[in-house]
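Novice: here is a sequence with its predicted model. Questions after.
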Amino acid sequence: MFAALWTGMPKLLVSVAVTGAEPAGLPGIPLLRVNLAGDRPPEAGGQARPPSDVLLAVVASEAEAARLREWFDEAGEAMPAIHQAPQMSAALPALLQALQSLAEGAVRREAALRGALVAARQEAEDTREVLRDLQNRAIGELGPDVRRLQLERTPLGPDAERALSGRFALDITTSAALSGIAALALHPAGHRMSPEERLTVQLIGAESGDIFGEWSVPGAALPQGGWLHLDCPLPLPRIRETAQLRLSGALGAGSRLALSEAEFETETGEIETSIAFRIYTAQTVQHVPSPHWRAGGVAWPGVRAQALPIAVLQDARLLAGDAPEAEGSLPLRLRVTGGASLLILLPGVALTGISEVLARLRCTGGDAGQLRASLALLPGALPVPEEPDAALAAATLWSAHAVPEPVEALLRLPLAGAVAGAAHLLIALRHLGTDPLDFTSAELDGVHLIPVGDTPGPDPRTLFGTAPPDQASRVEFARLRLDEVYQDASYRHLDLSIEQLRAGAAIWPHVKFKLSEMRGVQALEFRRGPGWPEMFRRFPDAKRDAYGEVWRLGDLTRAPSLIAALAEEEDRLLLTTVVGLLPHLVQTLTTHGALTPEAAASWRLTRSAPPQGGADG
């Protein structure tokens, strides 16, 4: 009996002064009588220590209740619920309520245990994945990559093919998981495409619609038969989604692409036809990416490129130009006539945790070379502009202008620093022609938001630099960052930051400036104040504007004479180094995809004589 008092089972404790208690005994719930009268210490079940896990204590008087509380308090046991009733029948409602609370608590505990079991299983799965990744990494350091064919749909034969022409978009469902995918393969049966026309292949998560890989294959690289292999730079990490393939392209008149067909059995046992393909997985990371991989595209393996919400597209507002043929969804079909502009405002885009905005523009008619396109950011705290001029004036951040070459352009807007909350996105198109009868039609598609930290390596705005090819200059830097791109009708600038700039024995931890151009005159702009590093030993004679002190090296063609006028030798060396580095900085931005080759060439920077190393010049 002693052990039964502390078994952890719920118990009913009833004073011996309460009558009619014996019939209240319940299966599985022991009933214990306790004597609380007189001067003798209370006892229950022949023991002086109060029992544990008491469901309800029933006493006959307030004096017995006080005695019971004192007994439990002295023993350090949890105080039970106490109900006062001379007869047990009067305590039945309180007993039923206690039983209900007991049942509800059991349900909650069961749910908590089930949740803990699920969490433990998930933790075990995560641990298993980590251990497998560590094992695979070790294997990868010891030997070459080993790929496994995860899924194959085999070509039926030379007569089974699907012909594609004009503009096409083809989705292919698969039963393969995204996790570990390292390569795809398609089976062209033949084609009649120009070298510049392209087939775009995307690897998509079927459940989320996120893009996890993209390849752009020119017609010159497509085989006339046989497998076309498309490799990822890295195998995809563990992603609980199903793989889906999307093939798209825009073929001109007379062009044609044929892909081999395959048959497969569905889950219901039916036989269906699809495009032939292969999906490979890999456990190690040592293999070379396909030359057709879109390194500057909307995603990287493991990058969850977030599609623009449908609500934002439905709220899209046309500020200037002809209305799109389709609104509220992608692609937006656009038409720009000679000499005209088209502005589309996407209000209230949530950008918290987003490092970059990307969009793809495809030319569908007219002269693509006459089209210029860019993205811009408008502060979300400002009211949504109603007029095109007001929208252009309010924009604080611009992407580089992109030209569809030959028919497609990728618009990239790196966000300078962390952006919290929402902002308005402006899509600007301009036709360089002068004849209103000329026009260019295009489709805007693939607008995506790239989260911070989802691109491999450092912040995507940070570019790791190296010394220029002329090592005799003894000039190098650790990092180059493009903080802002801005452009309007008469002015543009690149806001640049360089870390650990070294010229001979001289070192500047942080150099920040703007490379600007106004009406064809290029200049450098330096500022002094909060948020700007101390770069100069003696800040040059400066002017003051609304943002603080500013000094401009007013014309780069006169840079040597302007620099020679500075008083401090170290300041002259700094500016000579920066001016000499400008072509290399712009080329570095272009190499890493922060600037298009066309935008870089438009700055007309040519490599000049390298600056002389050493603090003494």
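Specialist: Structure's in. What do you need?
Novice: endpoints of stretch 74-91, how far apart?
Specialist: 26 Å (Cα to Cα, to the nearest Å).
Novice: buried residues in it?
Specialist: Within stretch 74-91, the residues scored as buried using 16 or more other Cβ atoms under 10 Å are 77, 80, 82-86, 88, 91. (Glycine included, C-beta is placed from N, CA and C.)
Novice: make a markdown table out of those residues and add pLDDT.
Specialist: Output for these, formatted as a markdown table (pLDDT from 0 to 100):
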| residue | pLDDT |
| --- | --- |
| E77 | 82 |
| P80 | 87 |
| I82 | 90 |
| H83 | 89 |
| Q84 | 89 |
| A85 | 89 |
| P86 | 87 |
| M88 | 85 |
| A91 | 85 |
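Novice: identify the farthest-apart pair in those.
Specialist: Greatest spacing in these, by Cβ to Cβ: E77 and P86 (25.4 Å).
Novice: list just the nearest of the buried residues of stretch 74-91 to H424.
Specialist: P80 (62.6 Å).
Novice: wait, isn't H493 in contact with Q522?
Specialist: No. The criterion here is Cβ atoms under 8 Å, and H493 misses it with Q522 at 9.8 Å.
Novice: re earlier: just the buried residues of stretch 74-91: which are in helices?
Specialist: Within these, no residue falls in helices by DSSP state H.
Novice: what residues are shared contacts of H493 and Q522?
Specialist: 515-516 (Cβ atoms under 8 Å, 6 or more residues apart in numbering).
Novice: before we move on, back to that, of the buried residues of stretch 74-91, closest to Q370?
Specialist: Using Cβ to Cβ, P80 comes nearest to Q370 of these, at 86.0 Å.
Novice: which residues does the closest one contact?
Specialist: Here P80 is in contact with 13, 54-57, 72 (criterion: Cβ under 8 Å, 6+ apart).
Novice: for R538, see how far away it is.
Specialist: Computed with Cβ to Cβ, to the nearest Å, the distance linking P80 and R538 is 82 Å.
Novice: about what we covered before: name the member of the contacts of P80 with the most neighbours.
Specialist: A57 (29 neighbours; other Cβ atoms under 10 Å).
Novice: could you give the average pLDDT over stretch 177-194?
Specialist: Summarised as a single mean, pLDDT over stretch 177-194 is 88.
Novice: end-to-end on it?
Specialist: Stretch 177-194: ends 35 Å apart by Cα to Cα.
Novice: buried residues in it, which are they?
Specialist: Across stretch 177-194, burial judged by 16+ other Cβ under 10 Å covers 177-191, 193.
Novice: for stretch 209-226, same thing?
Specialist: 210-219, 222.
Novice: compile those residues into a markdown table and extend it with columns for pLDDT, distance to P404 and secondary structure.
Specialist: Listed next are the buried residues of stretch 209-226 as a markdown table, based on pLDDT from 0 to 100; distance: Cβ to Cβ, whole Å; DSSP: H, G, I helix; E, B strand; the rest coil:
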| residue | pLDDT | distance to P404 | secondary structure |
| --- | --- | --- | --- |
| D210 | 77 | 25 | coil |
| I211 | 79 | 20 | strand |
| F212 | 82 | 25 | strand |
| G213 | 82 | 22 | strand |
| E214 | 82 | 17 | strand |
| W215 | 83 | 19 | strand |
| S216 | 82 | 13 | strand |
| V217 | 85 | 17 | strand |
| P218 | 84 | 15 | strand |
| G219 | 84 | 17 | helix |
| L222 | 85 | 21 | coil |
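Novice: sheet partners, orientation included, of whatever helix or strand V485 lives in?
Specialist: Using DSSP states H and E, V485 sits in strand 479-487. Strand pairing for strand 479-487, using DSSP bridges, gives strand 462-464 (antiparallel), strand 491-503 (antiparallel).
Novice: just those: most buried one?
Specialist: Using mean count of other Cβ atoms under 10 Å, the stretch among these with the largest mean neighbour count is strand 491-503, at a mean of 19.
Novice: following it, which helix or strand shows up next?
Specialist: Helices and strands here follow DSSP H and E; after strand 491-503, the next one along the chain is strand 506-518.
Novice: direction included, what does that following strand pair up with?
Specialist: strand 491-503 (antiparallel), strand 521-528 (antiparallel).
Novice: for the record, mean pLDDT for it?
Specialist: For strand 506-518, mean pLDDT rounds to 87.
Novice: repeat that for stretch 551-564.
Specialist: So the average pLDDT for stretch 551-564 ends up being 87.
Novice: then stretch 364-372?
Specialist: Here the average pLDDT along stretch 364-372 is 79.
Novice: for the protein, name the helix or strand with the lowest mean pLDDT.
Specialist: In the chain, the helix or strand scored least confidently by mean pLDDT, DSSP states H and E is strand 462-464, which has a mean of 35.
Novice: report all helices and strands that the helix or strand that comes right after that one contacts.
Specialist: Once strand 462-464 ends, the next helix or strand along the chain (criterion: DSSP H and E) is strand 475-476. In this structure, strand 475-476 packs against strand 491-503, helix 569-591, with contacts taken as 3 or more Cβ pairs under 8 Å, 6 or more residues apart in numbering; DSSP states H and E.
Novice: now for the helix or strand just after the last one, which elements pack on it?
Specialist: Once the chain leaves helix 569-591, the next helix or strand it forms, by DSSP H and E, is helix 597-602. Using 3+ Cβ pairs under 8 Å, 6+ apart, the elements in contact with helix 597-602 are helix 569-591.
Novice: does anything pack onto the helix it packs on? Which helices or strands?
Specialist: Packed against helix 569-591 by the contact rule (3+ Cβ pairs under 8 Å, 6+ apart) you find strand 475-476, strand 479-487, strand 491-503, strand 506-518, strand 521-528, helix 559-564, helix 597-602.
Novice: identify each buried residue in that helix, please.
Specialist: 570-590.
Novice: and stretch 221-236, how far apart are its ends?
Specialist: End-to-end distance (Cα to Cα), stretch 221-236: 25 Å.
Novice: strands of the stretch 101-250 of the chain, residue ranges please.
Specialist: 147-153, 161-164, 167-177, 181-186, 188-192, 198-205, 211-218, 228-231, 242-250 (DSSP state E, counting those that start in this stretch).
Novice: L480 is nearest to which of those strands?
Specialist: Per Cβ to Cβ, nearest to L480 of these: strand 211-218, 25.9 Å.
Novice: from the chain's centroid, how far away is the closest one?
Specialist: Counting by Cα atoms, centre = their mean, to the nearest Å, strand 211-218 is centred 18 Å from the centre of its parent chain.
Novice: again, but for stretch 163-177
Specialist: 25 Å.
Novice: do the same with stretch 583-592
Specialist: With Cα atoms, centre = their mean, you get 25 Å for stretch 583-592.
Novice: go on, stretch 156-171?
Specialist: Offset of stretch 156-171 from its chain centre (Cα atoms, centre = their mean): 33 Å.
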